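J.: Give me a 3D structure for the following:
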Amino acid sequence: ARSGGKGLLLFIGGQTPLQKAVPKRGFSNPHSFIGKFDPINLKRLIYFINSGRIDTSKTITMKHLRDCGAVNPKVGVKLLAGGVTKLQQAIHIEVSDVSEEARRIVEEAGGSVHVAYYNRLGLRALLKPERFDRVPRRAAPPPKLLWKYPEHYKDVERQMDARKAQ
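T.: Presented below is the predicted three-dimensional model:
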C-alpha cells in the first residue's frame, strides 16, 4: 500500500483547476454599507427613555444610544417607526438614517431628527472620544451620497465659525 496522504486539496491531475475554469461573476458595490445601519425602533427608544437610561433634555446621539445599550453601531444607526404611531414627548435625535414614518412621528410630537454622515473614523471618534488626543473633523459624505445628507455643509460651516470664535 502506498502512503503519503491525498495530495493537494484542489489538485485534479494536471487539468485546468476548477477555480480557474469557472468565470468570475458580479461586482462589489462600494456603497453597500448604506443598508447595514443598526436599526432602532421608536418603541425601543421610548422604552429606554421611560426607564431613565436616556436623557431627552439634550440631543440624543449615537453615543448616547451605545452607552445605554440600545444599539452597538459599526457603521451607523437607522431610526425606524416600528410599533409606535404617536409620541408623548418631544425628542431631538441625531442618527445616520431615518425612515419617513419615524421622521413624521417625531416631528409631529415637536421633536427633530438630524441625519448626519459619519465615516468609520468619525464614528469611532464620536463613540470613543477618550481614545483621541484631538478629535478629528467630520468627513464629508461621498459625492454619490450628498442627496442623503443635505445639511452636512451647514454643520461644517457652523463648526468652522465656532473654531474661529475660540
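J.: Can you tell me the element Leu79 falls in?
T.: Using DSSP states H and E, Leu79 sits within strand 77-80.
J.: Neighbouring strands of that strand in the sheet, and parallel or not?
T.: Using DSSP bridges, the strands paired with strand 77-80 in its sheet are strand 38-41 (parallel), strand 97-98 (parallel).
J.: got any ranges where this protein has weak pLDDT?
T.: Low-confidence regions of the chain, defined here as pLDDT under 70, cover residues 1-2, 31-35, 156.
J.: Give me the buried positions along the helix or strand harbouring Arg124.
T.: Using DSSP H and E, Arg124 sits in helix 120-127. Going by neighbour count (16 or more other Cβ atoms under 10 Å), the buried part of helix 120-127 is Gly122, Leu123, Ala125, Leu126, Leu127. C-beta coordinates here come from the backbone N, C-alpha and C atoms, glycine included.
J.: Is it possible to get JSON lines of those residues that adds distance to Gln166?
T.: Putting the buried residues of helix 120-127 into JSON lines (distance: Cβ to Cβ, whole Å) gives the following:
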{"residue": "Gly122", "distance to Gln166": "20"}
{"residue": "Leu123", "distance to Gln166": "24"}
{"residue": "Ala125", "distance to Gln166": "19"}
{"residue": "Leu126", "distance to Gln166": "20"}
{"residue": "Leu127", "distance to Gln166": "24"}
